[in-house]
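Enquirer: quick check, what structure comes out for this input:
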Amino acid sequence: MQTPLSRTAAAVGAAVLLAGLATACNRGSDTGAAGGGKPAIGIDLPRSDSDFWNSYAQYLKTDISADGANTLPISSSQNDVTKLAANVQAFENTGAKAVVMAPQDTGAIAATLDQLKAKKIPVISVDTRPDKGDVYMVVRADNRAYGTQACTFLGEQLQGKGKVAEFEGDLTSINGRDRSEAFADCMKQKYPGIQVFALPTDWKGDVASAKLQATLAQNPDLNGLYLQAGGVFLQPTLALLDQKGLLKPAGQPGHITVVSNDGIPQEFDAIRQGKIDATVSQPADLYAKYALSYAEAATQGRTFNPGPTDHGSTIIKLPNGLEDQLPAPLVTKANVDDKSLWGNNVSH
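Expert: The predicted model follows:
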């Protein structure tokens, strides 16, 4: 994870951003008089300790301003489902007609979703798919594809043999489970010669770093890494490898092949420098754009059906709603400078 100093800076930055969002974007609870008469939308940010989610927050700010959306003061639940429930209650009390959230514990959010359903307030869930409870739309990429793409890239780069450590996300999250299960299934079926060390981390960079240090001590011949979230794992991973003299450029003997998930600018820089080899670009820009779009559609009573969309994705049917699966391309040195990738269009 980031150092305590950088975590503090990130938290301060996120607080400033949230204050700006609340000031610039709040139209108040009078949904009939502001935002061009648009119904109010409540938005909760899931965390501020990740460069990915901070980028998502920046895109939301831009899209809300451009769209003239009527949003209540934006809250942040800081990876705490109890705070999320309280924030949602505040949205209800101030007139929200739709809620955008990104629950990090996809099992524990069911009661909150049931409460919103009883009040006929539709929910758009970003990046994570709640295990239970109705959702109007999940705006997400195919997380099993993340794990499969990472497995295939590592398997081919390592020519089917070696040792790989995998930083698993929180397994109470559908994203952590999907990525982990798909990665394990792919490795078992396609690359049985690769030994995988699955390291649960709860999406915490310091936990990942400590477990990697222990794994390296027992397996100095480790030659691959899969980081399920570059936003929290990249910095501590590179710092540890550098400290141990293992941060060797791609193409040189002793290089540890690293594939990540997120698509943040810092990952792109690391790819250019040869420190890591690839990442799957999780579309922070599209998450913000379509979360807001679906929230406004929900307040208008619009409905959607499974099938291809007009923005290059596919809507699938879930037991508890619908999911718009947005594209998430693999980024390597060959395409890292592609200007269409959101990671090349944000400041860092």
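Enquirer: which residue comes closest to residue 271 once chain neighbours are left out?
Expert: Distances taken as CB to CB, 6 or more residues apart in numbering place residue 336 nearest to residue 271, at 4.8 Å, with adjacent residues excluded. Placement of C-beta: from N, CA and C, glycine included.
Enquirer: er, residue 223 I mean
Expert: With CB to CB, 6+ apart, the residue lying closest to residue 223 is residue 162, at 4.3 Å.
Enquirer: the one you found: neighbour count?
Expert: A count of neighbours around residue 162, defined by other CB atoms under 10 Å, yields 19.
Enquirer: that one bridge partners, please.
Expert: residue 194 (DSSP bridges).
Enquirer: residues contacting it?
Expert: Counting by CB atoms under 8 Å, 6 or more residues apart in numbering, residue 162 touches 193, 194, 195, 221, 222, 223, 224.
Enquirer: return a PyMOL selection command for the buried portion of those.
Expert: Applying 16 or more other CB atoms under 10 Å to those leaves a buried subset, and the PyMOL line that selects it is:
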select buried, resi 194+222+223+224
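Enquirer: what segments of the stretch 101-250 of the chain are strands?
Expert: 123-126, 137-141, 162-168, 194-200, 224-227 (DSSP state E, counting those that start in this stretch).
Enquirer: turn the ones you listed into TSV, including distance to residue 306 and mean pLDDT.
Expert: Listed next are the strands of the stretch 101-250 of the chain as TSV, based on distance: least, CB to CB, whole Å; pLDDT from 0 to 100:
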stretch	distance to residue 306	mean pLDDT
strand 123-126	17	98
strand 137-141	11	96
strand 162-168	30	98
strand 194-200	33	98
strand 224-227	31	98
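Enquirer: please identify which of those is closest to residue 327.
Expert: Nearest of the strands of the stretch 101-250 of the chain to residue 327, taken as CB to CB: strand 137-141 at 7.1 Å.
Enquirer: pairing partners for the closest one, with directions?
Expert: Sheet pairing for strand 137-141, using DSSP bridges, gives strand 123-126 (parallel), strand 321-326 (parallel).
Enquirer: wait, which of these is closest to residue 285?
Expert: strand 321-326 (9.8 Å).
Enquirer: tell me the mean pLDDT for the closest one?
Expert: Confidence over strand 321-326 (mean pLDDT, whole number) is 96.
Enquirer: lowest-confidence helix or strand of this protein?
Expert: For the chain, counting by mean pLDDT, DSSP states H and E, helix 4-25 ranks last in confidence among helices and strands (a mean of 39).
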